[in-house]
Structures are given as C-alpha cells and as structure tokens.
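Student: Okay, predicted coordinates and the sequence, questions at the end:
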Amino acid sequence: MVLQLGDTAPDFTADTTVGVLHFHQWIGNAWAMLFSHPKDFTPVCTTELGYMAHLEPEFAKRHCKIIGLSVDSLDAHRQWAQDIAETQGYAPNYPLIADPERRISSLYGMIHPNANDTMTVRSVFVIGPDKKLKLMLTYPASTGRNFDELLRALDSLQLTAAHHVATPVNWRPGEDVIIVPALSDEAAQQRFPGGWKSLKPYLRVVPQPR
Ligand code: BEZ
C-alpha cells in the first residue's frame, strides 16, 4: 500500500527502548514524528540520532513526540546509544523501535528494494493529533537529514492547522505568512480583522498569527 498525505498513519504495536508501545495510543492528542534510520552502528545515523536528542526539547515545546526506527534489535539499540552519547554528546532521549522482522518498515514503505532490500531508507512521517499524515520525506541512506528543517516544517504545519495560513518559500518563524486560497475575502476578514496586503487576489500576505 502506498501511503499518501491525508491518509491515516498505520497503527501498530512495537517493541521499543522504552517498552512495548501502541502507536496511536502513544501519540494521544499530540503531534508525532516517526523517522527511520537504515542501520545501527553506522556513521550518518549516529550523528542524526544524537542531534535529534539535542532537538527533542524543541519538539516537546511544540507538543510533538519523536520516535526512531531501525531494523536492528533492542539490544543493538541500547549498546549503540552509548556510542551516540560518547561521540555526539547526547544519548537518544526518545523511543527507538526495534523492527528486525521489518513489519513496521514494510507497513510504512520504508524499505525501497531497488535502493537496498535489507535496510530502510531515511523516511520521515509527521502525523497530526488526528493521526493523519501531514508530511512525508525520503532521503537515501548516504544523506543525513536536516532536522532543523523538519522543525521549521512542523511550525508551518501547526500554523496551517490553527490559523488557515500557508507559509511562503524559505519562511522562518516570525515572518509574514499567506492566507490560504480556500479562505474567501469575507472569511479572511473575520480571521484577520487587521487586514492583509493583496499582491494579487490569490496572494494575500499577513503578519504571522500568534
Ligand atoms: C550511515 O548511517 O552512515 C549509513 C547507513 C547506511 C548506508 C550508508 C550510510
């Protein structure tokens, strides 16, 4: 099954470094980010997992739980965590799923056999409190992801969910945003009584709502 934005994120039960976890129940009313890494004890993954531990408080501030996955065992995850702490200065402070049978990675299409038929690619799924897929990203094993960019994208997703606005190219938090085309001028008047700048009828710019 090919997953697409707007689909319900497949639910599962998994063994993780913090115990058995039921995915949808674990998400609760929060947002969630599920990310795969190809293999334990590999260099790029080591840097990624350490950096995510460093960023975890930023995700928590945004009510977004984070969870990693690889096809290795819990024992391997636990041993590797020590290397991550030693080399990156941060040990994973979020659950890591052990998926040696590739049950969850198959459910989410994280194995791309023409790239590699044993390891996952670097997938990211951002899931809303409604359990729908809001963002998906796929990088090859050799390219480490930019998790700062994912934090920025999460800010954009949460603004859209709360305020009916979209974010323009290279937007940074605090900068002006765009009123979504689906909102009529009449409806926009209710939401943005301070008005907006209309560069074109379809390009209406407002200060970022707080
Ligand atoms: C890495 O994490 O460094 C890596 C993993 C699989 C293939 C290539 C690089």
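Tutor: Great, that's in hand.
Student: Could you check the pLDDT of R210?
Tutor: At R210, the predicted lDDT confidence score is 86.
Student: Could you check how far it is from the ligand?
Tutor: In this view, R210 and the ligand are 39 Å apart by CB to the nearest ligand atom, to the nearest Å. Just so you know, the C-beta spots here come from the backbone N, C-alpha and C atoms, and that holds for glycine as well.
Student: Then H164?
Tutor: As defined by CB to the nearest ligand atom, H164 lies at a distance of 39 Å from the ligand.
Student: ditto for M52
Tutor: Distance of M52 to the ligand, computed by CB to the nearest ligand atom: 13 Å.
Student: The top helix by length along the chain: which residues count as buried?
Tutor: Taking residue count as the measure and DSSP state H as the definition, the longest helix of the chain comes out as helix 43-61. Taking 16 or more other CB atoms under 10 Å as the basis for neighbour counts, the residues of helix 43-61 that come out buried are V44, C45, T46, E48, L49, G50, Y51, M52, A53, L55, E56, F59.
Student: Verify the stated contact: the fifth one with G68.
Tutor: To tie it back to what came earlier, the one meant is L49. Yes. Here L49 lies in contact with G68, judged by CB atoms under 8 Å, at a distance of 6.4 Å.
Student: quick one: common contacting residues for the two?
Tutor: Between them, L49 and G68 have H37, P92, L96 as joint contacts when contacts are counted by CB atoms under 8 Å, 6 or more residues apart in numbering.
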